[in-house]
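Participant: Sequence and predicted structure are below.
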Amino acid sequence: MGAPYSYNIENVYNSVVNPSTVHYIDNGTAKFYTRYFLQKAMSVFKWELPELWDKDYFLYTLYTWGFIAILKTDRFGVIPQQCTLTGYNVFYAPKRITVTNPIMPETVERDIDKDCVLLKLTPDYAGILDLIYFYASKMALASSAVNVNLLNSKLAYLFTAKNKSVAESFKKMYDQIASGEPASIIDRNLLDPDGNKTWDFFSQNLHENYIASDILADMRKIEAMFDTDIGVPNTDKRERLITDEVNANNIETITRCELWLEELQKSCKNTQNMFGIEINVDWRHDPDKMIVTNTQEGESYYGKSR
């Protein structure tokens with residue numbers, strides 16, 4: 001997947017593929033949507049980080065691993081680091097972190113909430129790669145279906161010929177028609193001595209078999225479902241959508257991310273108290289504006305007022 005992923009994340013990502021005997025998902029497309037959805041999820045919150053911190057490293061570690069340690073080092077000062085967790089307390093929460101970084105001369109161990117802060121995204125210490133993969137695989141499958149349908153829509157006619165000579169005559173005639181010639185002379189080989197056809201013709205109703213538009217609409221619905229899961233406002237485009245229906249979706253949208261934000265803000269406060277540095281996180285978009293305050297028939301919008 002490329003930097004700034006660690007090799008651990010690379011291994012996890014590359015192992016989440018389908019059996020080689022059943023290629024029902026284009027892994028290249030799946031990777032595209034994985035990157036797209038991950039970056040979209042990382043944009044939900046707005047961060048204020050110390051100037052010397054690498055924001056990309058911080059965010060990718062937090063969202064893929066689910067947690068990141070904040071600790072003080074002799075050489076680099078207070079920095080965020082990918083870590084592993086060891087030990088547990090009476091509530092089965094981790095007690096210590098271990099940092100192994102080739103730039104550091106030795107392995108670093110710290111006690112959580114004593115000489116380091118463990119900043120976590122979710123209460124269960126998990127990242128969101130499972131959520132990302134869930135939607136990325138569906139989008140990749142739908143995208144492949146669109147490609148297949150578009151390709152099949154090019155096959156409007158199918159001819160069968162009794163011999164190679166008849167087939168070649170048909171190719172020549174079709175080339176003349178396709179090139180725009182106003183008339184085409186039929187070869188005698190296309191008819192038998194009695195004037196009967198020496199070929200059969202099949203056609204498909206392209207309009208009837210064209211479903212790419214429906215699949216693209218489904219892809220928009222899949223992305224809207226993902227947006228709801230990560231806290232991005234989205235509305236149903238149906239007519240006569242009433243205020244309560246819109247607000248119900250918006251409440252569902254912010255519910256999970258409110259849980260994430262509570263965890264992050266708690267960790268940020270602990271970091272400020274322990275190390276005296278400024279680190280803050282909040283909604284990128286005001287959740288109050290996600291509540292519809294007025295609707296007209298067939299219309300809905302976000303915000304407190306127009």
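Facilitator: That came in fine, so what should we check first? Numbering: from 1, shown residues only.
Participant: hmm, who's touching stretch 107-119?
Facilitator: Residues outside stretch 107-119 that contact it (CB atoms under 8 Å, 6 or more residues apart in numbering) are 62, 67-73, 80-81, 83, 85, 94-101, 264, 267-268, 270-271, 274-275. The C-beta positions use only the backbone N, C-alpha and C, and glycine is treated the same way.
Participant: okay, now the closest residue to Asn149 other than its chain neighbours: neighbour count?
Facilitator: Residue nearest to Asn149 in three dimensions, not counting chain neighbours: Ala212, with 4.6 Å by CB to CB, 6 or more residues apart in numbering. Ala212: 15 surrounding residues under other CB atoms under 10 Å.
Participant: residues contacting Ala212?
Facilitator: By CB under 8 Å, 6+ apart, the residues touching Ala212 are 146, 149-150, 153.
Participant: Leu261 now?
Facilitator: Neighbour list for Leu261: 45, 281-283 [criterion: CB under 8 Å, 6+ apart].
Participant: in the stretch 201-306 of the chain, which ranges drop under the pLDDT threshold?
Facilitator: 201-207, 234-253, 287-306 (pLDDT under 70).
Participant: can you map out the strands along the stretch 101-250 of the chain?
Facilitator: Using DSSP state E, counting those that start in this stretch, the strands of the stretch 101-250 of the chain run over residues 108-111, 116-120, 157-161, 199-203.
Participant: I'd like the distance between Trp53 and Gln176.
Facilitator: Applying CB to CB, to the nearest Å, one obtains 68 Å for the distance of Trp53 from Gln176.
Participant: Repeat that for Lys40.
Facilitator: For Lys40 relative to Gln176 (CB to CB), the value is 51 Å.
Participant: Then Asp115?
Facilitator: Separation of Asp115 from Gln176 (CB to CB): 83 Å.
Participant: what's the answer for Asp111, then?
Facilitator: Between Asp111 and Gln176 the distance is 83 Å, computed by CB to CB.
Participant: which of those two has more neighbours?
Facilitator: More crowded of Asp111 and Gln176, by other CB under 10 Å: Gln176, with 14 against 11.
Participant: Number of residues surrounding Glu48?
Facilitator: Glu48 sits with 10 neighbouring residues when counted by other CB under 10 Å.
Participant: With Asp282 instead?
Facilitator: That count, for Asp282 with other CB under 10 Å as the rule, works out to 14.
Participant: Going along the chain, name the helices of the stretch 101-250 of the chain.
Facilitator: Assignment of helices within the stretch 101-250 of the chain using DSSP state H, counting those that start in this stretch yields the ranges 129-152, 164-178, 206-209, 212-230, 243-275.
Participant: which phi and psi does the residue nearest to Arg75 when sequence neighbours are not counted have?
Facilitator: Nearest in space to Arg75, with sequence neighbours left out and distances taken as CB to CB, 6+ apart, is Met104 at 7.5 Å. Here the main-chain torsion angles of Met104 (degrees, to the nearest 10) amount to phi -90, psi 140.
Participant: So Met104 versus Lys72, what's the distance?
Facilitator: Going from Met104 to Lys72 by CB to CB gives 13 Å.
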